[in-house]
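**Q** everything below, folded, please.
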Amino acid sequence: MDQKISVKIAGRIFNLTAGSPEAEQLYREAAETINKRFAVYTRSHPGKNVSDLLSMIALNETVLRLGLQKELEENKNDEQALAKELERYLKDIQA
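**A** Okay, the predicted model is just below:
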């Protein structure tokens with residue numbers, strides 16, 4: 001069931017629709033994370049406008065996400081290789 005929620009990011013209110021309680025929680029956690037990073041960036045980059053700060057946050061979060069996706073893909077490949085190796089080993093000891 002869709003639920004209308006509001007989150008505040010960098011002082012602005014955004015009205016969203018969450019498709020589940022889990023999605024609502026993710027939206028709220030994401031907004032909290034963005035606001036924490038925004039506070040850090042505001043202190044470390046005085047004079048930058050909100051748009052610039054949010055763009056920097058988006059860039060850094062995307063780089064992090066892409067790195068994690070690459071790591072996940074590498075782990076999947078390692079898992080497949082280990083599964084094949086285990087299968088060969090089991091065949092060898094049964095022979």
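**Q** so who does I9 touch?
**A** Contact analysis of I9 by Cβ atoms under 8 Å, 6 or more residues apart in numbering lists 31, 34-35, 38, 54. In short, each C-beta sits where N, CA and C put it, glycine included.
**Q** let's see 10 Å
**A** 30-32, 34-35, 38, 50, 54, 57 (Cβ atoms under 10 Å, 6 or more residues apart in numbering).
**Q** same deal with R37?
**A** Contacts of R37 by Cβ under 10 Å, 6+ apart are 10, 53-54, 56-58, 60-61.
**Q** Produce a PyMOL select command limited to the buried residues of these.
**A** Of these, the buried ones go into a single PyMOL selection, burial set by 16 or more other Cβ atoms under 10 Å:
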select buried, resi 10+53+54+56+57
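**Q** most surrounded residue in the contacts of I9?
**A** Counting neighbours by other Cβ atoms under 10 Å, I57 leads the contacts of I9 with 20 neighbours.
**Q** and for that residue, nearest residue in space, chain neighbours not counted?
**A** With sequence-adjacent residues excluded and distances taken as Cβ to Cβ, 6 or more residues apart in numbering, I57 is closest to R37, at 4.9 Å.
**Q** in this structure, where's the longest helix?
**A** helix 50-94 (DSSP state H).
**Q** distance check, the spatially most central residue of the chain against D92.
**A** Central residue of the chain (Cα atoms, centre = their mean): R65, 5.4 Å from the mean position. R65 sits 41 Å away from D92, going by Cβ to Cβ, to the nearest Å.
**Q** having no further points to raise, I will conclude here.
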